[in-house]
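Participant: Give me coordinates for this.
(chains A and B)
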Amino acid sequence: MAVRNEEVAAVFDEIADLLEIRGDNPFRVRAYRNAARTVRSLGREVADLVAAGEDLTRLPGIGQDLAGKIREIVTTGTSATLEALRRELPPGLGALLRLPGLGPKRVAALHHELGIDSLEALRRAAEAGRLRGLPGFGPKTEARVLEAIRARLDTGRRFLLAEAEGWAEALVEHLRAARGVNEIVVAGSFRRRRETVGDLDILCTARDGAAVAAHFVGYERAAEVLSQGTTRSTIVLQNGLQVDLRVVEEGSFGAALHYFTGSKAHNIAVRRMGQQRGLKINEYGVFRGARRVAGSTEESVFRAVGLPWIPPELREDRGEIEAAQAGSLPRLVRREDLRGDLHCHTRASDGRSTLEEMAEAARAAGLEYLAFTEHSRSLRVARGLDAARLRAHVEAIRRLDERLEGIALLAGIEVEILEDGSLDLPDDVLAELDVVVGAVHSHFDLPRARQTRRILRAMDHPHFHILAHPSGRLLLQREPYDVDLARVIRHARERGCFLELNANPDRLDLDDVHCRMARDEGVLVAICSDAHSSLGFANLRYGVGQARRGWLGPEHVLNTRPLEELRRLLAGG
DNA sequence: GCCGTTTTCGGCCCGACTGTTTTCAGTCG
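Facilitator: Numbering: from 1, shown residues only, chains lettered A, B, ... in the order given. All right, here's what the predicted structure looks like:
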């Protein structure tokens, strides 16, 4: 059975954890973490590269040694290096690293001095007051560790972008009331529009950092203050979301914004470029010796290392720096490039608004066309439509379309892809529709080969247009079903059909890596709201963020096309 | 362990805050 990228990356991460606890060369540790990141964002199965005999050392951060280990992991499922480390150190130690306040040195001390090898053993030792005697530990560290274990508050917990956005907006509002504050920007993974965020990084410019910090930690919905300083403070909100505030003076704004936007890997790459030019880059600016030569704007920081400004969504060290150097950064799709939406629901199935309310909301959102795509008969919980109800609904859509100005209404369906890959409605009724969106809502646990075959067969149907939420995942709730998306994407190209990027913030499916794969394969992506009420079109912006992370320009997106061109594309022209 | 417009060896991003210290290590981002 083929070994997945995630499994290869997990082996490298575990090696890195254990090496770190053992006190190994930190740069060696970083090499393993970089390799894990490279494999995760590869966009192709590394097992396929190995099978094709490709040269893995061409991948960034992969040299002879790690290439050999990748081949080993793909073949055997593990690595002799990892197995040796596991014999030396208990594998449960890795989990301890992810507790706040515990790093490799302290975890090593816990293991060597107290024989601790798991969260449970750590909890018992902390409750018995045995931590505070260790070098580097005191009563505060002990208490913090205990609380984190009890609250299961490991630092790995993440939040949906949309949830974080609500809290961020409220906090920005709170900070505006602080005296002497000028700029306020939410940076970090939030600004890079990652689908989930681990914390919020808020950047302010102000003269008096201490005063802003004092105002910040006094936020009424703060549950805890972790630190408070003149330039940096940290609180934990009532929902468990951690927020870091940084305060700098205006001349440092661009450098600080660049630095706090990240990603870490992108920043390291940019700082190295600075180093090569004899520059030091930190959050206060770009320095030649003691003299600041840039830093008031992000553009000035990039310019100092010979690069054009790079959009935040691309800053993952996945080739954006090379593209910027070559002058080939993509022009990324924007919300206003979307001319239509091809997936939404009304009260006819499981939506909460009427046809008319949805059409008017879409028009108000600046859309030129909207396809109604109710669920089909097999999806009972959503009151899916059979052929007769669908025909009546199509009639209603056509009538409203004649009556309503300023937006074109299309008749469609979100048809169930059944277990065998057939579609849930007869061909003749599908033939009457403008758009057929196919979706998997059942039998999530089929083995990979069958799940893939099922979806490929559905795409072979002559009336099939768009594959909805292609992986079926629900962020932080449900894993994707096991499907070979690379094959699905190649098949979409051969069949002339399209993949959806579902903009619901619980889905954001396709993910960024597969958006980029679709782009590289020449398959257009449809950014759709899947709105279930007239408020749902606001979600399109999350889809656009994900598309930008996947390097999509307007030319890579189906629903940036004018209606006539869309109709031609749907007709296979 | 990776990598190369100073290099195949000797580098590898940089600073803030806390707790436990008595001048700084560890952690974090």
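Participant: Next one: residue A:283 from DNA strand B, what distance?
Facilitator: Counting by C-beta to the nearest atom of the strand, to the nearest Å, the gap from residue A:283 to DNA strand B is 6 Å. Where C-beta positions appear, they are placed from N, C-alpha and C, glycine not excepted.
Participant: which residues sit in contact with the closest residue to DNA strand B within the stretch 51-200 of chain A?
Facilitator: With distances taken as C-beta to the nearest atom of the strand, the stretch 51-200 of chain A approaches DNA strand B most closely at residue A:138, which sits 1.5 Å away. The contact partners of residue A:138, by C-beta atoms under 8 Å, 6 or more residues apart in numbering, come to residue A:132.
Participant: element containing the residue in the stretch 451-573 of chain A that DNA strand B sits nearest to?
Facilitator: For the stretch 451-573 of chain A and DNA strand B, the shortest gap (C-beta to the nearest atom of the strand) falls at residue A:476, measuring 18.2 Å. Under the assignment given by DSSP states H and E, residue A:476 is not contained in any helix or strand.
Participant: Could you list the domains of chain A?
Facilitator: A:5-150, A:159-248, A:252-325, A:335-570 (automatic domain parsing).
Participant: What distance do you get for the residue in the stretch 301-450 of chain A that DNA strand B sits nearest to to residue A:230?
Facilitator: In the stretch 301-450 of chain A, the residue that lies nearest DNA strand B is residue A:325 (10.1 Å; C-beta to the nearest atom of the strand). According to C-beta to C-beta, to the nearest Å, residue A:325 stands 37 Å off from residue A:230.
Participant: do residue A:411 as well
Facilitator: When C-beta to C-beta is the yardstick, residue A:411 and residue A:230 sit 61 Å from each other.
Participant: Please apply the same query to residue A:124.
Facilitator: In this structure, residue A:124 and residue A:230 are 39 Å apart, going by C-beta to C-beta.
Participant: One more: residue A:248?
Facilitator: 10 Å.
Participant: now do residue A:173
Facilitator: From residue A:173 across to residue A:230, the span is 23 Å (C-beta to C-beta).
Participant: what's the answer for residue A:556, then?
Facilitator: Plainly put, residue A:556 is 45 Å away from residue A:230 if you go by C-beta to C-beta.
Participant: Then residue A:12?
Facilitator: In this structure, residue A:12 lies at 38 Å from residue A:230, with C-beta to C-beta as the measure.
Participant: Out of those two, name the residue with the larger neighbour count.
Facilitator: Neighbours per residue (other C-beta atoms under 10 Å) separate residue A:12 from residue A:230, with residue A:12 holding more: 26 against 12.
Participant: and residue A:293, which of the three is it?
Facilitator: The three-state assignment at residue A:293 reads strand, by DSSP: H, G, I helix; E, B strand; the rest coil.
Participant: Now do the contacts for it.
Facilitator: By C-beta under 8 Å, 6+ apart, residue A:293 lies in contact with A:279, A:285, A:286, A:287, A:304.
Participant: can you check residue A:435 too?
Facilitator: With contact taken as C-beta under 8 Å, 6+ apart, residue A:435 is in contact with A:342, A:371, A:373, A:410, A:411, A:412, A:413, A:465, A:466, A:570.
Participant: For it, give me the backbone phi and psi.
Facilitator: For residue A:435, the backbone dihedrals are phi -140, psi 130 (criterion: degrees, to the nearest 10).
Participant: what about the most centrally placed residue in chain A, distance to residue A:509?
Facilitator: Central residue check for chain A by C-alpha atoms, centre = their mean: the C-alpha nearest the mean position is that of residue A:195, 3.4 Å away. Using C-beta to C-beta, we find residue A:195 at a distance of 9 Å from residue A:509.
Participant: want to throw the contacts of residue A:293 into a markdown table with pLDDT?
Facilitator: Below are the contacts of residue A:293 laid out as a markdown table (pLDDT from 0 to 100):
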| residue | pLDDT |
| --- | --- |
| A:279 | 91 |
| A:285 | 93 |
| A:286 | 93 |
| A:287 | 92 |
| A:304 | 93 |
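Participant: Contact distance from DNA strand B - what residues of the stretch 151-300 of chain A qualify?
Facilitator: Proximity of the stretch 151-300 of chain A to DNA strand B is confined to A:155, A:188, A:199, A:201, A:226-233, A:242, A:244, A:260, A:264, A:267-268, A:271-272, A:274-276, A:278, A:280-284 under the rule C-beta under 7 Å from any atom of the strand.
Participant: picking that back up, need the winner for burial among the domains of chain A.
Facilitator: Mean neighbours per residue, mean count of other C-beta atoms under 10 Å, is largest over those for domain A:335-570, with a mean of 20.
Participant: On the three-state scheme, residue A:316 is what?
Facilitator: When the structure is split into helix, strand and coil by three-state DSSP, residue A:316 lands in coil.
Participant: CA atoms only: put stretch A:363-380 into PDB for me.
Facilitator: Extracted C-alpha coordinates of stretch A:363-380, given in PDB (Å, rounded to 0.1, in the frame of the first residue of the first chain):
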ATOM      1  CA  ARG A 363     -27.000  40.500  -7.100                       C
ATOM      2  CA  ALA A 364     -26.300  42.700  -4.100                       C
ATOM      3  CA  ALA A 365     -23.000  40.800  -3.800                       C
ATOM      4  CA  GLY A 366     -22.100  42.000  -7.200                       C
ATOM      5  CA  LEU A 367     -22.700  38.700  -9.100                       C
ATOM      6  CA  GLU A 368     -23.900  38.600 -12.700                       C
ATOM      7  CA  TYR A 369     -25.200  35.000 -12.500                       C
ATOM      8  CA  LEU A 370     -26.200  32.400 -10.000                       C
ATOM      9  CA  ALA A 371     -26.900  28.700 -10.400                       C
ATOM     10  CA  PHE A 372     -29.400  27.000  -8.000                       C
ATOM     11  CA  THR A 373     -28.200  23.600  -7.100                       C
ATOM     12  CA  GLU A 374     -30.400  21.800  -4.700                       C
ATOM     13  CA  HIS A 375     -29.600  18.400  -3.300                       C
ATOM     14  CA  SER A 376     -31.000  15.300  -5.100                       C
ATOM     15  CA  ARG A 377     -33.400  12.600  -3.900                       C
ATOM     16  CA  SER A 378     -31.100  10.200  -2.100                       C
ATOM     17  CA  LEU A 379     -30.000  12.900   0.400                       C
ATOM     18  CA  ARG A 380     -33.100  12.500   2.500                       C
END
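Participant: now the helices for the stretch 201-350 of chain A?
Facilitator: If you assign secondary structure with DSSP state H, counting those that start in this stretch, the helices in the stretch 201-350 of chain A sit at A:209-217, A:253-261, A:264-276, A:298-304, A:320-325.
Participant: ok so, going back, which pair in the contacts of residue A:435 spans the largest distance?
Facilitator: Farthest pair in the contacts of residue A:435 (C-beta to C-beta) is A:411 and A:466. Separation: 14.2 Å.
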